[in-house]
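Novice: test case, fold it:
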Amino acid sequence: MTPQTNAALAASAWLTALLLPIPAVVETLHMAFDNTAHIYHCLCDHLAAVQASCSDTTPQTFMGFCITMVVSFLPLFLVLLCYAYILASALCISSRKGCSKAFSTCSSHLLVVGTYYSSIAIAYVAYRADLPLDFHIMGNMVHAILAPVLSPLTYTLRNKDVKAAITKTACPQDTKKAGKT
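Specialist: Next up is the predicted model:
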């Protein structure tokens, strides 16, 4: 990839993140709210604000759903498509070790991707179901915290030195036996 391609991809991600929510924000500004509307949430969430409105929320809910599909599940589709190509390429590798290494790398990436997108699905599907408020908040917290915490952990555990240090700490007698043989 050229630096121009990298810049174009980064710019498109930033512009999408900045411009795509504008229609939803503008429409939300025109909704009616009670003087005592409370939003019980731990982060800025469009659908939580919409649910606090006393206006008809159907168009806003649909718009939020569409934005979520574009921002979340279109990239998921593209990631899965890329991994299908990677899988096809990995299956063409003649050496068993090379094929195993490709699958090992892909499996850790897919674990992180799966954690991230499943937490998004839980957070946003919860709005469609009649679930307690605490479940909505927990869904958003899982999305905001779990994937970013698991990502470095997953990649760190692939490091041979980290694995050896964990094994040495967890099973000190096994490392002594291995050193004697």
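Novice: so what's residue 43 scoring on pLDDT?
Specialist: On pLDDT, residue 43 comes in at 67.
Novice: one more: residue 8?
Specialist: Predicted confidence (pLDDT) for residue 8: 94.
Novice: state the distance from it to residue 2.
Specialist: 9 Å (CB to CB, to the nearest Å). Glycine gets a C-beta too; all of them are placed from N, C-alpha and C.
Novice: out of the two, which sits in the more crowded spot?
Specialist: residue 8 (12 against 7; other CB atoms under 10 Å).
Novice: tell me the contacts of that one?
Specialist: By CB atoms under 8 Å, 6 or more residues apart in numbering, no residues touch residue 8.
Novice: next, give phi and psi for it.
Specialist: The phi/psi pair for residue 8 (degrees, to the nearest 10) reads phi -70, psi -40.
Novice: quick check: it vs residue 75, distance?
Specialist: Separation of residue 8 from residue 75 (CB to CB): 16 Å.
Novice: just confirm residue 23 contacts residue 63, I think it does.
Specialist: Yes - counting by CB atoms under 8 Å, residue 23 does reach residue 63; the two are 6.8 Å apart.
Novice: higher neighbour count, these two?
Specialist: Counted by other CB under 10 Å, residue 23 and residue 63 do not tie: residue 63 has more neighbours, with 17 against 12.
Novice: check which helix or strand the more buried one maps to.
Specialist: Using DSSP states H and E, residue 63 maps to helix 58-68.
Novice: what's the neighbour count on residue 47?
Specialist: By other CB under 10 Å, 22 other residues sit near residue 47.
Novice: quick one: buried residues of the host helix or strand of residue 165?
Specialist: Element membership for residue 165, per DSSP H and E: helix 160-170. Buried residues in helix 160-170, counted by 16 or more other CB atoms under 10 Å: none are found.
Novice: what is it packed up against?
Specialist: Packed against helix 160-170 by the contact rule (3 or more CB pairs under 8 Å, 6 or more residues apart in numbering; DSSP states H and E) you find helix 172-180.
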